[in-house]
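Engineer: Structure of the sequence below:
(chains A and B)
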Protein chains: 2
Amino acid sequence: MFRDLSRPIETGMPTYPGDPDVTLVPDATHETDGYATSELRTGTHAGTHVDAPRHTLPEGEAIDERDVGRFAFEARLVDCRPLTPREPIAPDALPDPDALDRDVDLLVLRTGWESHWGTERYRDHPYLTAAAAERCRAAGVGVGLDTFGPDPTPTADGKNGGESIGGDEPDGTPAHDALLSDSLPIVENLRGLDGLPNRFRLYAFPLRLHGADGSPVRAVAEWEE
Amino acid sequence: MFRDLSRPIETGMPTYPGDPDVTLVPDATHETDGYATSELRTGTHAGTHVDAPRHTLPEGEAIDERDVGRFAFEARLVDCRPLTPREPIAPDALPDPDALDRDVDLLVLRTGWESHWGTERYRDHPYLTAAAAERCRAAGVGVGLDTFGPDPTPTADGKNGGESIGGDEPDGTPAHDALLSDSLPIVENLRGLDGLPNRFRLYAFPLRLHGADGSPVRAVAEWEE
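Structural biologist: Residues are numbered from 1 along each chain as shown, chains lettered A, B, ... in the order given. Got it, this is the predicted structure:
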């Protein structure tokens, strides 16, 4: 059983604030060339994608430097709902590292935020506290998220969401940094989490983008029925 | 056991004649933004990629219209070597459909041409005859190739390679058409075929490019050691 956990990629799709616009336009055409091709312009973090350590760490590993098999994850679904806008996710929302199956290398955190995709509210997603990121490090697991990412996203009217909404929000990208400094993967903007089993395999193979900080992916879940 | 069968994607990489140039350039930077992102411009058929039926058939299925699980292939390696430049691959080079394991849905044809990547000689790859494409249809299998594709590629000095090299080469894209009209997949520009086992799983999940004719992929082989 397979399921697509990916956002469609198309011209004008929602992107993280400040990221390049996405365009997908015809190039060769059946009429003129006898076949059709298209040209894609996209940021490396558009839609469903994987972050490389280099995304937030200047000396971090690039997306093409890791063995590709590492992106076939043994995933564990963690339903964190209900959550309110910009609510911090504390460590006790995550499984105890000692109780986690040893082969699990990715926690897919369901925040419920996928339903807000394409609206301003999508920016107001819950985020991981520093202590929650530390729990992931202790367990040696990365995270998959149905949000822009594990750190707060700026609001429409300010660089730091914390200034507008909640004064406790961290500056910078501490959850990213904690995970990526241990080379723990981060998969962002997942969708289709409803009804997934507790355990599944998640394929999130990045394009082989030379030296890049991340890559759009086709995220695919597989499990035995 | 996993193996990467994909070409690196980078600025200035080789592309099919007439296809858009590929560029991968920094966008956000650690110095200015606190994190790094990049912008990718690419044709949908750059590097290792999958063709959708719409690539050569105007009414054909788009790359995002097929269930994503169909791109996890049960692959059979077929070593067609030795082959000479622009040599036609006849049906008897392919397995008898009746002798093929029933679960196989992709033949990965090793022509030896991957060693010519980045040179003019890469255009002079062997190609599938109409009869060989028919054999694939009879077996219900798509093809993966270590070349630009299953039809001849134009030479540097002419639209139709057949005019320059061998008068028997077909016009148009008959092998593509035969396969794609039955919705049989085509995976192109594979690399790293040396030492693959006879049978393996091949992941070639396309990006979820809305309405597109194809997509770059990270092609990954997996097998039990």
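
Engineer: After the helix or strand of chain A with the lowest mean pLDDT, which helix or strand is next? Please name it.
Structural biologist: Lowest mean confidence among the helices and strands of chain A (mean pLDDT, DSSP states H and E): helix A:161-164, at a mean of 43. Counting by DSSP states H and E, the next helix or strand C-terminal to helix A:161-164 is helix A:174-180.

Engineer: residues in contact with that following helix?
Structural biologist: A:51-53, A:55-57, A:60, A:127-130, A:132-134, A:136-137, A:142-143, A:149-151, A:185-186, B:35 (C-beta atoms under 8 Å, 6 or more residues apart in numbering or on different chains). Every residue, glycine included, has its C-beta placed from N, CA and C.

Engineer: what about 10 Å?
Structural biologist: Identification of contacts with helix A:174-180 by C-beta atoms under 10 Å, 6 or more residues apart in numbering or on different chains yields A:51-57, A:60-61, A:89, A:127-137, A:141-143, A:145, A:149-152, A:173, A:184-186, A:188, B:35.

Engineer: Out of the residues you listed, name the ones that lie in strands.
Structural biologist: Among those, DSSP state E puts A:51, A:89, A:127-128, A:142-143, A:145, A:186, A:188 in strands.

Engineer: out of these, who has the most neighbours?
Structural biologist: Neighbour counts for these (other C-beta atoms under 10 Å in any protein chain shown) peak at residue A:128, which has 32 neighbours.

Engineer: For it, list the residues it contacts.
Structural biologist: So residue A:128 contacts A:80, A:88-91, A:93-94, A:109, A:134-136, A:143, A:145, A:147, A:149-152, A:170, A:174-176, A:178-179, A:186 (C-beta under 10 Å, 6+ apart).

Engineer: again, 6 Å this time
Structural biologist: A:89, A:150, A:175 (C-beta atoms under 6 Å, 6 or more residues apart in numbering or on different chains).

Engineer: Quick one: the residues you listed as JSON lines, columns for distance to residue B:200 and pLDDT too.
Structural biologist: Below are these laid out as JSON lines (distance: C-beta to C-beta, whole Å; pLDDT from 0 to 100):
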{"residue": "A:89", "distance to residue B:200": "39", "pLDDT": "98"}
{"residue": "A:150", "distance to residue B:200": "34", "pLDDT": "98"}
{"residue": "A:175", "distance to residue B:200": "37", "pLDDT": "97"}
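
Engineer: Residue A:109 sits in which helix or strand?
Structural biologist: strand A:106-110.

Engineer: So which residues on chain A come close to chain B?
Structural biologist: A:2, A:4, A:6, A:8-10, A:20, A:24, A:27, A:30, A:35-45, A:55-56, A:58, A:68-69, A:205, A:207-210, A:212-213, A:216, A:218, A:220 (C-beta under 6 Å from any C-beta of the partner chain).

Engineer: Below-threshold pLDDT in chain A: ranges please.
Structural biologist: Where chain A drops to pLDDT under 70, the residues are A:158-167.

Engineer: Find the residue at the geometric middle of it.
Structural biologist: residue A:188 (1.0 Å; C-alpha atoms, centre = their mean).

Engineer: correct me, but that one touches residue A:146?
Structural biologist: No - taking contacts as C-beta atoms under 6 Å, residue A:188 lies outside contact range of residue A:146: 8.8 Å.

Engineer: Need the residues touching each of these two.
Structural biologist: By C-beta under 6 Å, 6+ apart, no residue touches both residue A:188 and residue A:146.

Engineer: buried sites along stretch A:122-130?
Structural biologist: Using 16 or more other C-beta atoms under 10 Å in any protein chain shown as the test for burial, stretch A:122-130 gives A:122-129.

Engineer: what's the answer for stretch A:30-47, then?
Structural biologist: A:30, A:35-47.

Engineer: other SSEs contacting the top strand by length along chain A?
Structural biologist: Ranked by residue count under DSSP E, the longest strand found in chain A is strand A:72-79. For strand A:72-79, the packing partners by 3 or more C-beta pairs under 6 Å, 6 or more residues apart in numbering or on different chains; DSSP states H and E come out as strand A:106-110, strand A:199-203.

Engineer: The last one: how far from the chain's middle?
Structural biologist: Its chain's C-alpha centre lies 15 Å from the corresponding centre of strand A:199-203 when counted by C-alpha atoms, centre = their mean, to the nearest Å.

Engineer: which is the next helix or strand following it?
Structural biologist: Following strand A:199-203 toward the C-terminus (DSSP H and E): strand A:214-216.

Engineer: Give the partner strands of that following strand in its sheet and their orientations.
Structural biologist: Using DSSP bridges, the strands paired with strand A:214-216 are strand A:49-51 (antiparallel).

Engineer: The longest helix along chain A vs strand A:106-110, what angle?
Structural biologist: Looking across chain A with DSSP state H, the single longest helix is helix A:130-139. With axes from the mean of the first three to the mean of the last three C-alpha atoms, to 10 degrees applied, the angle from helix A:130-139 to strand A:106-110 works out at 150 degrees.

Engineer: Need the contact partners of helix A:130-139.
Structural biologist: A:89-91, A:94, A:97, A:100, A:174-175, A:178-179, A:182.

Engineer: again, only this time at 8 Å
Structural biologist: A:88-91, A:93-95, A:97, A:100, A:104, A:107, A:128, A:142-143, A:150, A:170, A:174-175, A:178-179, A:182, A:184.

Engineer: Please export the C-alpha coordinates of that helix as CSV.
Structural biologist: Extracted C-alpha coordinates of helix A:130-139, given in CSV (Å, rounded to 0.1, in the frame of the first residue of the first chain):
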residue,chain,number,x,y,z
ALA,A,130,14.4,23.3,22.2
ALA,A,131,13.7,20.5,24.7
ALA,A,132,11.6,18.6,22.1
ALA,A,133,14.4,18.8,19.6
GLU,A,134,16.8,17.5,22.2
ARG,A,135,14.5,14.5,22.8
CYS,A,136,14.8,13.8,19.0
ARG,A,137,18.5,14.0,19.3
ALA,A,138,18.5,11.7,22.2
ALA,A,139,16.5,9.2,20.2
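
Engineer: Report the buried residues of it.
Structural biologist: For helix A:130-139, by 16+ other C-beta under 10 Å, it's A:132-133, A:135-136, A:139.

Engineer: for it, the distance to its chain's centre please.
Structural biologist: Using C-alpha atoms, centre = their mean, the offset of helix A:130-139 from its chain centre is 17 Å.

Engineer: Direction-wise, compare it with strand A:72-79 and give the angle.
Structural biologist: If you take the same axes, to 10 degrees, helix A:130-139 sits at 140 degrees to strand A:72-79.

Engineer: Leaving out chain neighbours, which residue sits closest to residue A:53?
Structural biologist: Spatial nearest neighbour of residue A:53, chain neighbours left out: residue A:60 (2.9 Å); criterion: C-beta to C-beta, 6 or more residues apart in numbering or on different chains.

Engineer: Give me the neighbour count for the nearest residue to residue A:146 once chain neighbours are set aside.
Structural biologist: Counting by C-beta to C-beta, 6+ apart, the nearest residue to residue A:146 once its immediate chain neighbours are dropped is residue A:114, at 4.0 Å. Residue A:114: 20 surrounding residues under other C-beta under 10 Å.
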